[in-house]
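Chemist: Predicted model follows, preceded by the sequence.
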Amino acid sequence: VDSDVLLLLLRRVVQKRPNLKLVLMSATADADLFADYFQKPSKRANENAIKAVETSKITIPGFTHPVKEYYLEDVFQETRFLVGQKSKYAKTAVEKKRQLALLENEEDIVDPNALLSSSDDEDYDDNRQADREVPESWDVAELDEIVASSKKQKKKNKNDEDNEDDEDDTSDSDDDDDDDDAEDWALNKNQAAKKRASIPKLSPMTNNNNIDNNETTADENMKRRKEEEERERQTELALARKHLEENYSDDVKRSIQNVDESVLNYELIENTLSAIIRKEFKEGMESIVPKGGKPMEKDTYGAFLIFMPGQAEILKLIRVLEQSRLLEVSEVGELDFLPLYGQLSAAEQRRIFQKPRLGVRKIVVATNIAETAVTIDDIRYVIDTGRQKEMRYDSERGLSCLEDCWVSKAQAKQRRGRAGRTTPGACFRLFSRTQFANFENTQAPEMLRTPLQSLVLNIKSMAPESGTAKETLSLALTPPDENALDLAVQELKD
């Protein structure tokens, strides 16, 4: 929330001090979204004397060692863990009926080239996180045709945009960036990585004259982003279905169809941990992680980092693993289980950075605090449940609650990167490729999921001359719901 308010105020300062240089840095944020906030103000912002500001983007490629990704399908195949229809980890009958209804009633789910009309925006927001899959009746040939059609349509759109640019003598680097992203996604992973790892590039945005002549409102920009995200999601779903059909056994396919991925599967984590250690002992580390890393010292082992939603889940998993018959010392060696969560004492937290004794393997079980806040050098394997605890606010009932929910794609990538800090590693994602395709690109802004009373007071204290809190916050990067603001103001008055 503080960051959003700071951006709002800084945009006003830049209007009065055009010589001020403002630098925004982030490893995970959507750079285009922030650039558009300054470069393409909304109509309401224009009415409040907020003018467009020329911006530039600098991309500095980071370095991490290669990390091999395994998804739920791969884990089922490797561990031979099966989920039947009557399993406690299977979807309920209600959930299955809901998914069948989605597949039968929403034809756009299987159309990678479908665009959202303005009337579809609300449904799109409500259904993004639904566990939607490509229908079982599709065969590989049909999937190939859909993917090829999607690529052909993107190429045609790019050519049309290039022709328009030639006629108007204007440049729109935002569109170019979007096209590059779509092309990168379709490339081989290694080719995409090389392309993104090229030398840093400075991408100047369109100048103020072009902005004034060809103004794109924030609403139009957001609609364009949603349409592009939906096209990419549909293509990812088709590719995920094709990959499942071509590469996995019938037992794995049935398990993927049956499993409720939102349920924490402690048995699967136990089996996955055991299978990785045993395979490393039997076939060597190179059978799991990409080749080329420095060899491990004698009697030392790569550490594990397991992501869990919260403290209670962490402590339960450690109890399960400590009592596991699959993790006997005589078979997998001695394991040292270390919890990591926000309420842990400083002394306990420091233990995760210490090297274990010779012959002992470190297993760190953590919340999302380990995504970016800490770096553990000897982590070689990551097991990601894809779940987190997130504060949500129900404005209608005026209640805040801590909900167990899916992470975003950006967060999943951050978790993956924990395994490649100092050496090649592997990330085992306990969710399918289909589920990953349905993830939000980034986490919802805190302004949209927390109580607004304190925010209203902060706005009135920091910018008393700016009008009502509702008017001021309507100019934020991600404005909160107007009804939620009205309720917050009324509660403060009461």
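Modeler: Sure, I can see it. Bear in mind the structure is a predicted one, so any value in this text is a computation, not a measurement.

Chemist: Could you look up the SS state of L338?
Modeler: strand (DSSP: H, G, I helix; E, B strand; the rest coil).

Chemist: That one and V365 touch, don't they?
Modeler: Yes: if you go by C-beta atoms under 8 Å, L338 and V365 touch, sitting 7.1 Å apart. All C-beta atoms are positioned from the backbone trio N, CA, C, and that covers glycine.

Chemist: Between those two, which has more neighbouring residues?
Modeler: V365 (25 against 22; other C-beta atoms under 10 Å).

Chemist: who's the more buried one bridged to?
Modeler: Counting by DSSP bridges, V365 forms beta bridges with I306, P339.

Chemist: For it, give its distance to S345.
Modeler: According to C-beta to C-beta, to the nearest Å, V365 stands 16 Å off from S345.

Chemist: Then T372?
Modeler: Taking C-beta to C-beta, one finds T372 at 21 Å from S345.

Chemist: which of those two has more neighbours?
Modeler: Using other C-beta under 10 Å as the criterion, T372 and S345 rank with T372 on top: 14 against 7.

Chemist: mind checking pLDDT for the residue nearest to the more buried one when sequence neighbours are not counted?
Modeler: In space, T372 comes closest to Q414 once its chain neighbours are excluded; the distance is 6.0 Å by C-beta to C-beta, 6 or more residues apart in numbering. For Q414, the pLDDT comes out at 91.

Chemist: And what about Q414, helix, strand or coil?
Modeler: helix.

Chemist: ok, it touching A370?
Modeler: No: look at Q414 against A370 with C-beta under 8 Å: they stay out of range, at 9.5 Å.

Chemist: ok so K389 is a strand residue?
Modeler: Yes: under three-state DSSP, K389 falls within a strand.

Chemist: which residues does it bridge with?
Modeler: Going by DSSP bridges, K389 forms beta bridges with D404.

Chemist: Okay, and V489 sits in which element?
Modeler: V489 is located in helix 482-493, with elements delineated by DSSP states H and E.

Chemist: From the contact counts, what lies against that helix?
Modeler: For helix 482-493, the packing partners by 3 or more C-beta pairs under 8 Å, 6 or more residues apart in numbering; DSSP states H and E come out as helix 453-462, helix 469-473.

Chemist: Let me see the contact set for I318.
Modeler: Neighbouring residues of I318 by C-beta atoms under 8 Å, 6 or more residues apart in numbering: F337, P339, V365.

Chemist: For T272, state which of those residues is nearest.
Modeler: V365 (13.1 Å; C-beta to C-beta).

Chemist: Hmm, G310 and that closest one touching each other?
Modeler: No: using C-beta under 8 Å, V365 makes no contact with G310, being 11.1 Å away.

Chemist: What distance do you get for the residue nearest to E482 when sequence neighbours are not counted to R319?
Modeler: Nearest residue to E482, sequence neighbours excluded (C-beta to C-beta, 6+ apart): K470, at 6.8 Å. Between K470 and R319 the computed distance is 49 Å (C-beta to C-beta).

Chemist: Can you give me the end-to-end span of stretch 64-71?
Modeler: 20 Å (C-alpha to C-alpha, to the nearest Å).

Chemist: hmm, who's touching it?
Modeler: Under the criterion C-beta under 8 Å, 6+ apart, residues 78, 288-290, 292-293, 382, 416-417, 419-429, 431-433, 436 lie in contact with stretch 64-71.

Chemist: How many residues are close by V374?
Modeler: V374 has 15 nearby residues by other C-beta under 10 Å.

Chemist: wait, E220
Modeler: 13.

Chemist: Would you mind measuring from it to L473?
Modeler: 21 Å.

Chemist: From the centroid of this protein, which residue is nearest?
Modeler: The residue lying closest to the centre of the chain (C-alpha atoms, centre = their mean) is K409, at 1.7 Å.

Chemist: Which residues lie in contact with that one in this structure?
Modeler: F436, F439, E440, N441, T442.

Chemist: what about 10 Å?
Modeler: Listed by C-beta atoms under 10 Å, 6 or more residues apart in numbering, the contact set of K409 reads T28, E236, F436, A437, N438, F439, E440, N441, T442, Q443.

Chemist: Any idea how many residues pack against the fourth one?
Modeler: Other residues within reach of A437, judged by other C-beta under 10 Å, total 21.

Chemist: And for L264?
Modeler: Using other C-beta under 10 Å, L264 has 17 other residues around it.
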